[in-house]
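S.K.: Model the following, please.
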Amino acid sequence: MPPLSLAVAARPAALNAFNRPLIARSAAPQALRRTWGARRWRRASTSSGGGSDDDEQAFARQRTLHMVGKAPDLLAINSCVWQTALAVMQLCGLAQTEALEVASSNPQALCVDWLAADKLVNRLVLQRCLPGGPSAGQVYERHAGHVAGKSAERLAGRLLFLQHHGLLHLLVENKGEARREWRRLHGFRADRRAAGEPAFISLSDLSKPDAHLASLPAVQAAGGLPALQAFMAELKFSPAWLELEAAAEAERARLLGLLPEDLRQAAEKRRQAADEKEQ
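M.R.: Residues are numbered from 1 along each chain as shown. From the prediction side, this is the model:
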């Protein structure tokens with residue numbers, strides 16, 4: 001069976017028939033267009049290329065077909081979920097085309113409730129702990145999978161452990177690149193291990209089991225697995241965690257206040273349903 005995007009290109013009439021239930025149920029293409037265009041949650045036109053509405057519409061259609069081809073289950077999603085996911089990314093500084101690129105590379109980003117407490121905790125802790133202090137938009141661009149796919153206790157807890165032990169200066173996005181850059185700066189060949197190079201810790205290390213993280217030299221020096229487990233056991237009582245939770249709640253309130261009424265009400269209903277499910 002050919003990819004959906006090829007079938008669409010070859011059979012436009014079939015696409016129209018295929019899209020009718022989607023448009024009736026969720027109005028996904030119109031919802032995307034409304035979010036990116038009429039509501040103007042985007043940077044000035046210069047930051048998004050300054051293209052015409054026709055160019056933007058063609059770009060949106062191309063990216064929508066690409067996303068649906070990769071994740072057909074997106075067709076069943078209510079339009080409020082699509083709109084809110086994209087709106088949050090744009091309210092956090094991404095241009096319309098940048099938000100599209102995030103969703104195009106990872107279509108499941110459109111299914112994520114970016115206003116959920118754990119997602120906001122993950123985003124905030126990455127902003128605070130990653131080198132250079134990336135903006136909220138940059139975190140979505142580069143690390144949407146980490147924000148969406150990891151429990152807040154796991155990701156934020158481990159980052160707070162590194163912070164507590166003064167190890168954040170070793171945190172990098174890519175250990176290979178960081179090592180090569182360090183070797184060049186210190187006059188060594190980039191492709192050979194050098195004496196004295198730092199024992200970097202990458203985001204991927206934080207995604208692996210406790211035993212792996214505890215085996216890293218820097219974590220070993222901080223007490224290894226017993227220290228990590230003891231810290232995680234007390235995580236939710238630590239001032240750093242409590243402050244993160246409060247910051248996430250404040251960020252949620254800020255973003256909700258910037259959403260239009262229909263999306264705000266839908267977001268509140270999703271949160272109420274999630275709270276009831278946990279009870």
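S.K.: number of nearby residues for residue 213?
M.R.: Residues lying near residue 213 (other CB atoms under 10 Å) number 20. To be clear about C-beta, it is placed using only N, CA and C from the backbone, and glycine gets the same treatment.
S.K.: got it, and residue 155?
M.R.: 23.
S.K.: now it, what's its secondary structure?
M.R.: helix (DSSP: H, G, I helix; E, B strand; the rest coil).
S.K.: Check what pLDDT residue 272 gets.
M.R.: Residue 272 is assigned 81 on the pLDDT scale.
S.K.: name the element it belongs to?
M.R.: helix 261-278 (DSSP states H and E).
S.K.: quick one: contacts of that helix?
M.R.: Applying CB atoms under 8 Å, 6 or more residues apart in numbering, the contact partners of helix 261-278 are 78, 80, 81, 83, 84, 87, 113, 115, 116, 256, 257, 259.
S.K.: That helix: which residues count as buried?
M.R.: 263, 264, 266, 267, 270, 271 (16 or more other CB atoms under 10 Å).
S.K.: re earlier: out of the contacts of helix 261-278, who has the most neighbours?
M.R.: residue 84 (28 neighbours).
S.K.: Now that residue: phi and psi?
M.R.: phi -70, psi -40 (degrees, to the nearest 10).
S.K.: for it, what are its contacts?
M.R.: Contact criterion CB under 8 Å, 6+ apart gives 113, 114, 115, 259, 263, 266, 267 as the residues in contact with residue 84.
S.K.: so who does the first one touch?
M.R.: If a contact means CB under 8 Å, 6+ apart, then residue 113 has 81, 84, 85, 119, 267, 270, 274 as its contacts.
S.K.: so the first one makes contact with residue 110?
M.R.: The one in question is residue 81. Yes. Using CB atoms under 8 Å, residue 81 is in contact with residue 110, at 7.0 Å.
S.K.: quick one: the residue nearest to residue 235 when sequence neighbours are not counted and residue 253, what's the gap?
M.R.: In space, and not counting its chain neighbours, residue 235 is closest to residue 157: 4.6 Å by CB to CB, 6 or more residues apart in numbering. For residue 157, the distance to residue 253 (CB to CB, to the nearest Å) stands at 24 Å.
S.K.: Residue 138 too?
M.R.: Going from residue 138 to residue 253 by CB to CB gives 22 Å.
S.K.: Now for residue 146, how many residues are close by?
M.R.: 18.
S.K.: Then residue 198?
M.R.: By other CB under 10 Å, 14 other residues sit near residue 198.
S.K.: picking that back up, now the buried residues of helix 261-278 as CSV including distance to residue 149?
M.R.: Listed next are the buried residues of helix 261-278 as CSV, based on distance: CB to CB, whole Å:
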residue, distance to residue 149
263, 24
264, 26
266, 23
267, 21
270, 19
271, 20
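S.K.: For this structure, which helix or strand comes out least confident on mean pLDDT?
M.R.: Lowest mean confidence among the helices and strands of the chain (mean pLDDT, DSSP states H and E): helix 12-25, at a mean of 30.
S.K.: neighbouring contacts of the longest helix anywhere in the chain?
M.R.: In the chain, taking DSSP state H as the definition, the longest helix is helix 239-258. Residues outside helix 239-258 that contact it (CB under 8 Å, 6+ apart): 88, 91-92, 115, 117, 120-121, 124-125, 156-157, 160, 163-164, 235-236, 264, 267-268.
S.K.: So which bits of stretch 188-207 are buried?
M.R.: For stretch 188-207, by 16+ other CB under 10 Å, it's 188, 200, 201, 202, 203, 205, 206, 207.
S.K.: how far is it from where the chain is centred?
M.R.: With CA atoms, centre = their mean, to the nearest Å as the basis, stretch 188-207 stands 25 Å off its chain's centre.
S.K.: Okay then, goodbye and thanks.
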